[in-house]
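# give me a model of this one.
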Amino acid sequence: MKIDSDAIKELAGLLDETGLTEIEVADGDKAIRVSKGGGVVAAAPSYPNTMTADPGLPQQASVSTDNAAHSHPGAITSPMVGTVYLQPEPGADSFIAKGQTVKAGDTLVIIEAMKVMNPIKAEKSGTVTQILIEDGQPVEYGDVMMVIE
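Residues are numbered from 1 along each chain as shown. Next comes the predicted model:
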């Protein structure tokens, strides 16, 4: 197989420009996938698809654009584009609640991206003071999901 290093470099540049963590392009039976980050990826039970794409309907608003939360030093932002889930499976208890104390390494939410469940873990210990997302809500890269003080 001949590797097209120029195409790989171009895709890697697109990852940096767009903030994406993975990109794949296919041409016929050939495909190139470039990803970065190397974060932990875990499989989780399948969630029912609660989102339907209807171009005639307005899209759901994204996460709060509250500038105070975004500039807060304890703001937890989405590292990827996907759908956020607050519990490990439908009907289970949420990972976090407002006022709850979390330790570094605790799972805060799961973000589903390309049918892969990605646990988002606390980088530091603290108390959850704000939760700015809802279960099943789409998030974009950099959206503030919560604040931990």
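
# rest of the way, CA atoms for contacts and neighbours
Fine.

# C-terminal to the lowest-mean-pLDDT helix or strand in the chain, what's the next element?
The weakest-scoring helix or strand in the chain, judged by mean pLDDT, DSSP states H and E, is helix 67-71 (a mean of 63). Past helix 67-71, heading to the C-terminal end, the next element that is a helix or strand (DSSP states H and E) is strand 75-77.

# which residues touch that following strand?
Contact with strand 75-77 is made by 69, 141-148, as judged by C-alpha atoms under 8 Å, 6 or more residues apart in numbering.

# of those, which pair is most distant in space?
Spanning the widest gap among the contacts of strand 75-77 are Tyr141 and Ile148, at 18.5 Å by C-alpha to C-alpha.

# of the two, which one has the most company?
Remark: of Tyr141 and Ile148, Ile148 carries more neighbours, 23 against 15, as counted by other C-alpha atoms under 10 Å.

# excluding residues flanking it in the chain, which one is nearest Met146?
Distance criterion C-alpha to C-alpha, 6 or more residues apart in numbering; nearest residue to Met146, sequence neighbours excluded, is Ile131 at 4.4 Å.

# got the contact list for that neighbour?
Going by C-alpha under 8 Å, 6+ apart, Ile131 touches 97-98, 145-147.

# a markdown table for those residues, including secondary structure, distance to Pro79 and neighbour count?
A markdown table is the format used below for the contacts of Ile131 (DSSP: H, G, I helix; E, B strand; the rest coil; distance: C-alpha to C-alpha, whole Å; neighbours: other C-alpha atoms under 10 Å):
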| residue | secondary structure | distance to Pro79 | neighbour count |
| --- | --- | --- | --- |
| Ala97 | coil | 20 | 16 |
| Lys98 | coil | 21 | 13 |
| Met145 | strand | 10 | 22 |
| Met146 | strand | 13 | 22 |
| Val147 | strand | 15 | 21 |
